[in-house]
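> show me how the following folds:
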Amino acid sequence: MRRSLRVRGVRTRLLLVVVGALAVALGLATIGFNVLLASAASRDANTLLRSRAATELAEIRVAAGGFTISDTHIDPIGDNRVWIFRGQQALAEPRARAETALAARALATGPRRFLDVPHSEERLLAVPINSRGRRVGTLVTGISLVPYHHTQRNALIFSLTLFLLVLACATVAAWWLLRSALRPVSEMTEQAATWSEEDLDRRFAAGEPHDELTRLAGTLDGLLDRLAASLRHERRFSAEISHELRTPLAKLMAEAELALRRERSESDYRESLEAVLGNARQIERIVETLVTAAQHGAQPQGVANAVEVAEAVVAAYSDDATSRGVDLRLDGASERVRVGVDREIAERILHPVVENALRYGRGEVRVRVARNGSAVLFDVDDNGPGVTAEEHEVIFEPAVRGSAGNSTQSGAGLGLALSRRLARAVSGDVEAHPGVRGHFVVRLPAA
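As a prediction, the model looks like this:
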């Protein structure tokens, strides 16, 4: 029930708040105006009664022990609404309604005071007539409140009409202003939702933040940047997984197919199973390495023997090198060279470079390990066509291969891109040196 009553939409809530606050303010102003007007009208009526009473008292001649009234107080028509009493005896009285006459007579012996006649729009003022400090009579004067009440009713009607008109106009104006002010927000939200699904490279580009909208645009741009980076990271990770698993999976399938092709001895089956297990373990290591690199950004950690890293990579590609007719060797290795990177990550960095050399090498591939100051260098040389000066950087971009492999070689072109990315993540690098022979250098931080 509460959810059904909840107002949805910021614009609607803001409009309700603005209209509610304005209605309260206008209501209080209307009430205050009418209360002040009624108070002012009452004061004016009292002032007029005092003035009339003072004028009438000036016409009464007070003598020792009594008073006399002039003939001007004789009013057969009864328009002046003045009563003069000596005790309860009325010496002068106008023609008036019965309830008004009774109210005036009730004031004959009372103190100086005002009295609104019940069930009548009249007000009376009683003023004692004193002679030498002794009360000898009472003057009562009255006034009709009809004009004042009429003015108050007209003012009330006018103020209520004005209240409704102002509230209606203000509601329309607030709705229009909120709609105009929040329209860019709605458009930006819809565009951001569309871009996040279809085109993550689009941005609002509102410039330096200087108000709420530009700050929102900057925030949404940052959000889209993070979404785009996350999506690119996922795509790159998927591509790297498929690239790195392609070779061991092909070996695993080949071993399984070869074992199933004909009946074999127990020892042959054992060898095949050992080969399959070795490839499965290699797949496991590849997956764990890539997942670790993706989760932790492949930050430099651990220490490994650089020679053992190179030996492991050379051993992993020995069968591939034999099938290609390429002599793959590790030359000039020193057991003292240590690299400040986990062994698995170091191998993942070196694998694509050696595989690339085998792909293009025509007879031999040489791997060398040496320390150069604070870095460990893995030199991978082959007698293939090499790379040109124009493409020695381009080949490290995803899905890009050198001119020597455009038509004759297969592959997704992700190996060197992965190798350089992982190397740079651990403060290293992978470089291709232009020349007539293939020459790649993997540089990693020394331990």
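
> how is this protein partitioned into domains?
With domains defined by automatic domain parsing, the chain comprises 7-58+147-196, 61-144, 199-296, 298-445.

> can you spell out which helices and strands pack onto the longest helix along the chain?
The single longest helix within the chain, with elements called by DSSP state H, is helix 146-198. The helices and strands touching helix 146-198, judged by 3 or more Cβ pairs under 8 Å, 6 or more residues apart in numbering; DSSP states H and E, are helix 10-58, helix 212-261. All C-beta spots, glycine's among them, are computed from the backbone N, C-alpha and C.

> comparing the ones you listed, which gets the lowest mean pLDDT score?
Mean pLDDT is lowest for helix 212-261 among those, at a mean of 69.

> related to what we said a few turns ago, as a markdown table, the helices and strands packed on helix 146-198 with mean neighbour count and distance to S267 would be great.
As requested, the helices and strands packed on helix 146-198 are arranged in a markdown table below (neighbours: other Cβ atoms under 10 Å; distance: least, Cβ to Cβ, whole Å):
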| stretch | mean neighbour count | distance to S267 |
| --- | --- | --- |
| helix 10-58 | 14 | 76 |
| helix 212-261 | 15 | 12 |
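
> now the angle from the longest helix of the chain to helix 10-58?
Using axes from the mean of the first three to the mean of the last three Cα atoms, to 10 degrees, one finds that helix 146-198 and helix 10-58 are set 170 degrees apart in direction.

> once you drop chain neighbours, what's closest to E208?
Leaving out its chain neighbours, the residue that sits closest to E208 by Cβ to Cβ, 6 or more residues apart in numbering is T214, at 7.3 Å.

> hang on, isn't the one you found packed against L220?
No: counting by Cβ atoms under 8 Å, T214 stays clear of L220, with 10.6 Å between them.

> next one: phi and psi at P118?
With angles defined as degrees, to the nearest 10, P118 shows backbone torsions of phi -60, psi 140.

> so who does it touch?
When contacts are counted by Cβ atoms under 8 Å, 6 or more residues apart in numbering, P118 is found next to E99, A103.

> and the gap between it and Q88?
Distance check for P118 against Q88: by Cβ to Cβ, to the nearest Å, it reads 20 Å.

> same check, this time on G384
138 Å.

> same thing with D331?
With the distance defined as Cβ to Cβ, D331 ends up 142 Å from Q88.

> just R113 next, same as before
Here the distance between R113 and Q88 works out to 17 Å (Cβ to Cβ).

> tell me the mean pLDDT over stretch 427-440?
On average, the pLDDT along stretch 427-440 is 87.

> same deal with stretch 98-115?
pLDDT averaged over stretch 98-115 equals 89, rounded to a whole number.

> using PDB, list the CA coordinates for that stretch.
Once non-C-alpha atoms are left out, stretch 98-115 reads as follows in PDB (Å, rounded to 0.1, in the frame of the first residue of the first chain):
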ATOM      1  CA  ALA A  98     -35.500  46.100  20.300                       C
ATOM      2  CA  GLU A  99     -32.300  44.100  20.900                       C
ATOM      3  CA  THR A 100     -30.200  47.200  20.400                       C
ATOM      4  CA  ALA A 101     -32.400  49.200  22.800                       C
ATOM      5  CA  LEU A 102     -32.100  46.500  25.400                       C
ATOM      6  CA  ALA A 103     -28.300  46.300  25.000                       C
ATOM      7  CA  ALA A 104     -28.100  50.100  25.400                       C
ATOM      8  CA  ARG A 105     -30.200  50.000  28.600                       C
ATOM      9  CA  ALA A 106     -28.000  47.300  30.000                       C
ATOM     10  CA  LEU A 107     -25.000  49.700  29.600                       C
ATOM     11  CA  ALA A 108     -26.800  52.500  31.600                       C
ATOM     12  CA  THR A 109     -25.200  51.500  34.900                       C
ATOM     13  CA  GLY A 110     -22.000  49.800  33.800                       C
ATOM     14  CA  PRO A 111     -18.500  51.000  33.300                       C
ATOM     15  CA  ARG A 112     -17.000  52.500  30.200                       C
ATOM     16  CA  ARG A 113     -17.000  49.700  27.600                       C
ATOM     17  CA  PHE A 114     -17.700  48.600  24.100                       C
ATOM     18  CA  LEU A 115     -20.500  46.100  23.300                       C
END
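
> so for it, what gets flagged as buried?
Of all the residues in stretch 98-115, those buried under the rule 16 or more other Cβ atoms under 10 Å are T100, A101, A103, A104, R105, L107, A108, L115.

> so after the helix or strand hosting the third one, what's the next helix or strand?
Assessed by DSSP states H and E, A103 sits inside helix 98-106. Proceeding N to C from helix 98-106, the next assigned helix or strand is strand 113-116, under DSSP H and E.

> which SSE is immediately downstream of that following strand?
Proceeding N to C from strand 113-116, the next assigned helix or strand is strand 122-131, under DSSP H and E.

> run the angle between that following strand and helix 146-198 for me.
Following the same axes, to 10 degrees, one obtains 130 degrees for the angle between strand 122-131 and helix 146-198.

> helices and strands around strand 122-131, which ones?
With contacts defined as 3+ Cβ pairs under 8 Å, 6+ apart, the secondary structure elements packing on strand 122-131 are helix 10-58, strand 60-63, strand 66-69, helix 98-106, strand 113-116, strand 134-144.

> noted, bye for now.
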